[in-house]
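Chemist: 3D model of this:
(2 chains)
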Amino acid sequence: MNDDTPLTEQERDRLRRARHEVAPPRGLEERTVAALRERGLIRRPRRQIAAVLALAAAAVAMVAAVAWMVTRRAEPAASAVAVATGPRYMLLLYAGGEPITGTADARRREYAQWARDIASRGVAISGEELGEETSVVGSGGDVNPTLQPRGFFIVEAPDLPSAERLASTCPHLRHGGRIVIRRIAG
Amino acid sequence: MFTSPVSDTPAAKGSGNRSPDGDTNHRVHDDAVLIGRVAAGDEEAFRLLYGRHTPAVHGTLVRLVGRTADAADLMQETWLRAVRHLALFRGQSAFRTWLTGIALNCYREWRRKHTREVVGTDADVRPSPATWGDEQSAINQVLALLPYEHREAIVLHDIEGFTHEEIAAALEIEPGTSKSRLSRARRAFRQRWQGTR
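Modeler: As a prediction, this is how the structure comes out:
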């Protein structure tokens, strides 16, 4: 066989030595795995699926919690997706000299979106809408309900001017309300 | 289209010189277990099988094709076809032999599209381990200068150790054609090799 052009011993050895492994390109394995997954021929490992599901569940839970916190009470309701580590200020929302505009639900959505926008920047914020039902205990005179806050936000801010700047963007002002800012002691 | 890998030929079953993975029962058993898991869609098992067999088969493709990017594409296609047709592997040959057969089918299809292309190679076709040095690089360079028919004759017969029957089955040619090509290829290789010395 092939005797008309036989290899010398040296040539044979040389060519046999040329038989060696060649490492595939670095990304080929992932590329191949992705292609196989896409075709439904292989699946991610169970623990990887579990990890992905856990992450997804955590993300869904977080989103749900945020959404619940932000929307359940509406008007000043907000979320706290960041933990406050610095000074905190209370933004007390009062009715202003002009009637509050817009429907309650529309305002709630607007306030909630404002709070989400702030939270998305990493600023700790929370809040609640206050109901009409009011009671007073202790000594003192009458309480004027129109002077009572409608709701509040608690925000993290380095100082009072920063808290004022943040409050000045609150949609409550556009609806004719006013905001009193008080630093939370401690 | 995947037809019949070289390993399914009787000649392939009888030859043991390119089944470095199948030399021990332990490895054969491991492959069988992994193959079963891959068939059930187990990605981890696939990665193990990939890591075990890819460098050798990829090496063959690099020597045949001469360009690492093309060889990588063919390697990927080889795995896609192998996993898709895993049920066709009945364990009558070593898995690597079967996989190499599929790789050669992929190569054959690729070569039909590139027959008229100028033969070339990457500068980065390096042997591994690199310490094998200049002789291996020189062989790759000389192979890259040969026409495909000559190159595959040398690579498959003199380097990879396939028989003419196996080569004929893989490339869909007559065994006699494989023999005559090898004869011409050796002369061409020798001439080129002496030119490099």
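Chemist: those helices in chain B, which residues are they?
Modeler: B:10-14, B:25-39, B:43-65, B:68-84, B:95-114, B:134-145, B:148-153, B:164-171, B:175-196 (DSSP state H).
Chemist: worst-scoring helix or strand of the chain, pLDDT-wise?
Modeler: I went with chain A, as the question did not name one. Using mean pLDDT, DSSP states H and E, helix A:46-71 stands out as the lowest-scoring helix or strand of chain A, at a mean of 60.
Chemist: nope, chain B please
Modeler: Result, chain B / mean pLDDT, DSSP H and E: helix B:10-14, a mean of 36.
Chemist: per-domain residue ranges of chain B.
Modeler: B:1-115, B:128-197 (automatic domain parsing).
Chemist: mind checking if the longest one is in reach of chain A?
Modeler: Yes. Against chain A, domain B:1-115 shows contacts by Cβ under 8 Å from any Cβ of the partner chain at B:38, B:41-44, B:46-47, B:50-51, B:54-56, B:58-59, B:62-63, B:68, B:71-72, B:75-76, B:79-80, B:83-84. (C-beta placed from N, C-alpha, C; glycine too.)
Chemist: what about residue 37, how many residues nearby?
Modeler: Picked chain A for this. 15 (other Cβ atoms under 10 Å in any protein chain shown).
Chemist: that's the wrong chain, I meant chain B
Modeler: 17.
Chemist: setting aside sequence neighbours, what's the nearest residue to it?
Modeler: Nearest residue to residue B:37, sequence neighbours excluded (Cβ to Cβ, 6 or more residues apart in numbering or on different chains): residue B:45, at 3.4 Å.
Chemist: wait, the one you found sits on residue B:30?
Modeler: No. The criterion here is Cβ atoms under 8 Å, and residue B:45 misses it with residue B:30 at 10.2 Å.
Chemist: so which of the two has more stuff around it?
Modeler: residue B:45 (19 against 16).
Chemist: so that one versus residue B:99, what's the distance?
Modeler: Look at residue B:45 and residue B:99: by Cβ to Cβ, to the nearest Å, they are 15 Å apart.
Chemist: quick check, stretch A:31-42 touching chain B?
Modeler: Yes. For stretch A:31-42 and chain B, the contact criterion (Cβ under 8 Å from any Cβ) is met by A:31, A:32, A:33, A:35, A:36, A:37, A:39, A:40, A:41, A:42.
Chemist: can the residues you listed go into TSV with extra columns for secondary structure?
Modeler: Shown next, in TSV, are the residues of stretch A:31-42 next to chain B (DSSP: H, G, I helix; E, B strand; the rest coil):
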residue	secondary structure
A:31	helix
A:32	helix
A:33	helix
A:35	helix
A:36	helix
A:37	helix
A:39	coil
A:40	coil
A:41	coil
A:42	coil
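Chemist: which residues does the residue nearest the centre of chain B contact?
Modeler: By Cα atoms, centre = their mean, chain B has its centre lying nearest to residue B:60, at 3.9 Å. Neighbouring residues of residue B:60 by Cβ atoms under 8 Å, 6 or more residues apart in numbering or on different chains: B:100, B:103, B:155, B:160.
Chemist: leaving out chain neighbours, which residue sits closest to the second one?
Modeler: Meaning residue B:103. residue B:78 (4.4 Å).
Chemist: residue B:84 against residue A:35, yeah?
Modeler: No. Contact between residue B:84 and residue A:35 fails when scored by Cβ under 8 Å: they sit 10.6 Å apart.
Chemist: of these two, who's got more company?
Modeler: More crowded of residue B:84 and residue A:35, by other Cβ under 10 Å: residue A:35, with 16 against 13.
Chemist: show me which residues of chain A are close to chain B?
Modeler: For chain A, the residues found near chain B under the criterion Cβ under 8 Å from any Cβ are A:1-2, A:4-5, A:7, A:11-12, A:14-25, A:28-29, A:31-33, A:35-37, A:39-45.
Chemist: which of those are buried? Put it as a PyMOL command.
Modeler: Remark: buried members of the residues of chain A next to chain B, expressed as a PyMOL selection using 16 or more other Cβ atoms under 10 Å in any protein chain shown:
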select buried, chain A and resi 2+5+7+14+15+18+19+20+21+22+24+25+28+29+31+32+33+35+36+41+42+43+44
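Chemist: and residue A:158, which of the helices of chain B is closest to it?
Modeler: helix B:43-65 (49.1 Å; Cβ to Cβ).
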